[in-house]
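What would the 3D arrangement of this be:
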Amino acid sequence: MNHNIIDVINSLGESDKLYSVGETDFSEIVQAAETLYVEFAKDFVEYVQRFGSISVGSIELCGIDEDPECSTVDRTLEMRDLFSDFPMDCYVIESVGIDNAVMVQKSDGKIYQFLHGHDLMFAADSLSEYLLNGGDFRKERVEYWKARSND
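Numbering: from 1, shown residues only. Below you'll find the model as predicted:
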């Protein structure tokens, strides 16, 4: 099921405090995409235009933000610089917080987890789906990697 990204983010803000850097001019979004040589997914563009970047509950979603930790451009360029296997058709939407893993999106809207040396791991069909179910995905991944590091 495809939910409207703005409605999903607003609904998350009903149960947790929603922090946003605010609206972003479309020209800044175009410039960010050109800098990365990617096409942003439609839902990502809608999200960034309205919110810039957000933090709500345990989610810190990257976007257009002057803070390098929350900037899709800065985080993506950093990952490309660090890891030669970072997929050039993806951009960072969130840091997982363990082993330099990040959540990435492709222009078709699908969300994956990138971890250097591993295949992309599918997480969601859209940004809305990821935000609605992503907490479960993140918990599973953290538990998986913690268990692996204990082997």
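
only C-alpha atoms for contact and neighbour calcs from this point on.
OK.

so how far is Gly22 from the residue most central in space within the chain?
Note on the chain: the residue nearest the mean C-alpha position is Ile93, at 1.6 Å, using C-alpha atoms, centre = their mean. Ile93 sits 17 Å away from Gly22, taking C-alpha to C-alpha, to the nearest Å as the criterion.

And the strands in this structure, which stretches?
18-20, 54-56, 59-61, 90-95, 102-106, 111-114, 121-124 (DSSP state E).

how far does the first one sit from the chain's center?
For strand 18-20, the gap between its own C-alpha mean and the chain's C-alpha mean amounts to 15 Å (C-alpha atoms, centre = their mean, to the nearest Å).

and what of the fourth one?
Taking C-alpha atoms, centre = their mean, the mean C-alpha location of strand 90-95 is offset from the chain mean by 4 Å.

residue contacts, Leu127?
Applying C-alpha atoms under 8 Å, 6 or more residues apart in numbering to Leu127 gives the contacts 5, 43-44, 109-111.

on that earlier part again, with distance to Leu77 and mean pLDDT added, can I get the strands of the chain in TSV?
Listed next are the strands of the chain as TSV, based on distance: least, C-alpha to C-alpha, whole Å; pLDDT from 0 to 100:
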stretch	distance to Leu77	mean pLDDT
strand 18-20	22	93
strand 54-56	20	92
strand 59-61	16	91
strand 90-95	9	96
strand 102-106	12	96
strand 111-114	14	94
strand 121-124	20	92
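
Tell me which helix or strand in the chain has the weakest average pLDDT.
helix 127-149 (a mean of 69; mean pLDDT, DSSP states H and E).

From Tyr47, how far off is the residue nearest to the centre of the chain?
11 Å.

now swap in Ser107 and tell me
Distance from Ser107 to Tyr47, by C-alpha to C-alpha: 14 Å.

Kindly report the same for Glu34.
With C-alpha to C-alpha as the criterion, Glu34 and Tyr47 are 18 Å apart.
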